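S.K.: attaching a predicted model along with its sequence, questions to come.
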Amino acid sequence: MGFEKGASLLEDLIEKAGGCAVMDGGFATQLESHGAFINDPLWSALCLIKDPHLIKQVHLEYLEAGADILVTSSYQATIPGFLSRGLSLEEGESLLKKSVKLAVEARDKFWDGVGCVPGNSYNRALVAASIGSYGAYLADGSEYSGCYGPGVNLDKLKDFHRRRLQVIVEAGPDLLAFETIPNKLEAQACVELLEEENIQIPSWICFGSVDGENAPSGESFKECFEILNKSKKVNAVGINCASPHFIESLVCKFKELTTKAIVVYPNSGAIWDGRAKKWLPSMCFGDEEFELFAPRWRNQGAKVIGGCCRTTPSTIRAISKALKETT
Ligand SMILES: C[S+](C)CC[C@H](N)C(=O)O
Ligand SMILES: N[C@@H](CCS)C(=O)O
Ligand SMILES: [Zn+2]
């Protein structure tokens with residue numbers, strides 16, 4: 001499978017799950033379905049300030065749906081984002097830690113409860129701390145284009161990510177989930193930071209894709225994976241928030257490009273309009289398609305499968321059921 005030393009937590013979970021673990025689905029999507037307002041530069045991270053109880057509720061809903069891995073609410077939670085909101089550095093760092101704490105509390109609460117119900121079979125879920133791309137922080141749709149402009153270089157991206165990474169790791173998540181990375185430069189920044197900070201917990205780095213073949217920037221996955229493959233600190237690689245129509249061919253491509261474990265959590269197929277800040281309907285998968293395709297993605301080699309934006313707990317329930325039935 002290609003796991004490196006230090007990755008045993010993730011490796012063990014995948015094994016316990018029968019060879020393919022289920023992760024959660026669209027987090028912001030589910031917050032919105034409960035009425036949370038997230039049309040804001042902080043997007044779902046606004047709920048860390050305004051609706052922390054909803055964050056815990058959504059984590060619990062995904063656990064009940066069968067998720068073996070929870071992704072924290074920190075996708076768009078960044079220190080510069082909180083500072084520009086008028087919060088102090090201390091307050092911003094405390095919100096980052098809170099994102100991990102809320103997920104850990106939900107996981108522990110759920111785990112304490114499942115043992116009491118005869119016939120229940122769940123794995124003790126892992127908490128993956130979300131580290132959204134620089135483009136997510138920019139809130140201009142650039143996590144789907146990878147166009148950061150000429151002023152953004154490797155050092156700038158590392159400076160952007162470094163303190164958040166340190167604070168999040170201090171909060172004690174089980175793993176790190178770099179999400180929606182749109183270009184090679186940011187992949188390199190993440191890898192260099194994992195090495196420089198000597199991060200000891202497993203991590204995955206997931207890219208988007210808008211054409212189904214390349215990273216959003218147009219750079220080939222071959223180029224991007226050359227960087228990731230060199231680092232033992234990257235335990236898994238994959239795709240998130242891209243169309244589910246792309247997943248079959250991308251899993252096949254990734255199998256040729258890496259021996260690392262492959263993680264896939266596509267969105268529903270809807271397209272994000274970064275200017276209007278809304279989802280445009282497109283050829284979307286319903287839960288039935290996820291149920292049909294998840295075993296295929298697993299059989300092709302994906303080791304973690306879940307959903308991203310516009311997927312819901314019912315999507316995860318469908319994926320979990322399909323994977324369990326076909327193990
Ligand atoms: C995954 S996208 C839908 C997140 C929102 C985006 N970064 C924005 O703030 O507009
Ligand atoms: N973990 C984030 C990813 C957004 S692309 C979410 O599900 O809201
Ligand atoms: Zn998404």
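M.R.: On my side now, so go ahead. Please read these numbers as outputs of a predicted model, since none were measured by experiment. Ligands and ions are numbered 1, 2, ... in the order given.

S.K.: state whether Thr180 is indeed within a strand.
M.R.: Yes. Assessed with DSSP: H, G, I helix; E, B strand; the rest coil, Thr180 lies in a strand.

S.K.: list the residues that contact the closest residue to it other than its chain neighbours.
M.R.: Setting aside the residues directly before and after it, Thr180 is nearest to Glu143 in space (C-beta to C-beta, 6 or more residues apart in numbering), at 4.4 Å. Heads up, the C-betas are built off the backbone N, CA and C, glycines and all. By C-beta atoms under 8 Å, 6 or more residues apart in numbering, Glu143 lies in contact with 132-133, 135-136, 180, 182, 208, 216, 241.

S.K.: give me the residue from the stretch 51-200 of the chain nearest ligand 2.
M.R.: Tyr75 (4.0 Å; C-beta to the nearest ligand atom).

S.K.: near ligand 3, which residues of the stretch 201-327 of the chain?
M.R.: 241, 267, 308-309 (C-beta under 5 Å from the ion).

S.K.: most neighbours of all these, which one?
M.R.: Cys308 (29 neighbours; other C-beta atoms under 10 Å).

S.K.: from what I can see that one touches Met23, true?
M.R.: No. Contact criterion C-beta atoms under 8 Å: Cys308 and Met23 do not qualify, at 9.7 Å.

S.K.: what is in contact with the two at once?
M.R.: Common neighbours of Cys308 and Met23 (C-beta under 8 Å, 6+ apart) are Tyr265.

S.K.: quick check, stretch 20-35 touching ligand 2?
M.R.: Yes. On the criterion C-beta under 6 Å from any ligand atom, stretch 20-35 is in touch with ligand 2 at 26-28.

S.K.: stretch 132-146 too?
M.R.: No. Using C-beta under 6 Å from any ligand atom, stretch 132-146 stays clear of ligand 2, coming no nearer than 6.7 Å.

S.K.: how long is that stretch end to end?
M.R.: Stretch 132-146 has an end-to-end distance of 13 Å (C-alpha to C-alpha, to the nearest Å).

S.K.: which residues in this protein form helices?
M.R.: Here the chain has its helices, by DSSP state H, at 8-16, 27-33, 46-50, 52-65, 79-83, 89-114, 134-138, 154-170, 184-196, 221-229, 247-257, 287-300, 313-325.

S.K.: looking at those, which is buried most?
M.R.: Comparing the helices of the chain by mean neighbour count (mean count of other C-beta atoms under 10 Å), helix 134-138 comes out on top with a mean of 23.

S.K.: may I have it exported as PDB, CA atoms only?
M.R.: Output in PDB follows, covering the C-alpha atoms of helix 134-138 (Å, rounded to 0.1, in the frame of the first residue of the first chain):
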ATOM      1  CA  TYR A 134      -4.000  29.400   0.300                       C
ATOM      2  CA  GLY A 135      -6.700  29.800  -2.400                       C
ATOM      3  CA  ALA A 136      -9.300  28.900   0.100                       C
ATOM      4  CA  TYR A 137      -8.100  31.700   2.400                       C
ATOM      5  CA  LEU A 138      -8.100  34.100  -0.600                       C
END
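
S.K.: packing partners of that helix?
M.R.: helix 154-170, strand 175-181 (3 or more C-beta pairs under 8 Å, 6 or more residues apart in numbering; DSSP states H and E).

S.K.: export those to JSON lines and tack on distance to ligand 2 and mean pLDDT?
M.R.: Listed next are the helices and strands packed on helix 134-138 as JSON lines, based on distance: least, C-beta to the nearest ligand atom, whole Å; pLDDT from 0 to 100:
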{"stretch": "helix 154-170", "distance to ligand 2": "14", "mean pLDDT": "98"}
{"stretch": "strand 175-181", "distance to ligand 2": "5", "mean pLDDT": "98"}
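
S.K.: of those, which is nearest ligand 3?
M.R.: strand 175-181 (6.5 Å; C-beta to the ion).

S.K.: ok and the closest one relative to helix 8-16, angle-wise?
M.R.: Orientation of strand 175-181 against helix 8-16 (axes from the mean of the first three to the mean of the last three C-alpha atoms, to 10 degrees) gives an angle of 80 degrees.

S.K.: strand 175-181 and ligand 3, are they touching?
M.R.: No. Strand 175-181 lies out of reach of ligand 3 by C-beta under 5 Å from the ion, never closer than 6.5 Å.

S.K.: same for that strand, what does it pack against?
M.R.: Using 3+ C-beta pairs under 8 Å, 6+ apart: strand 175-181 touches strand 69-71, strand 126-132, helix 134-138, helix 154-170, helix 184-196, strand 203-207.
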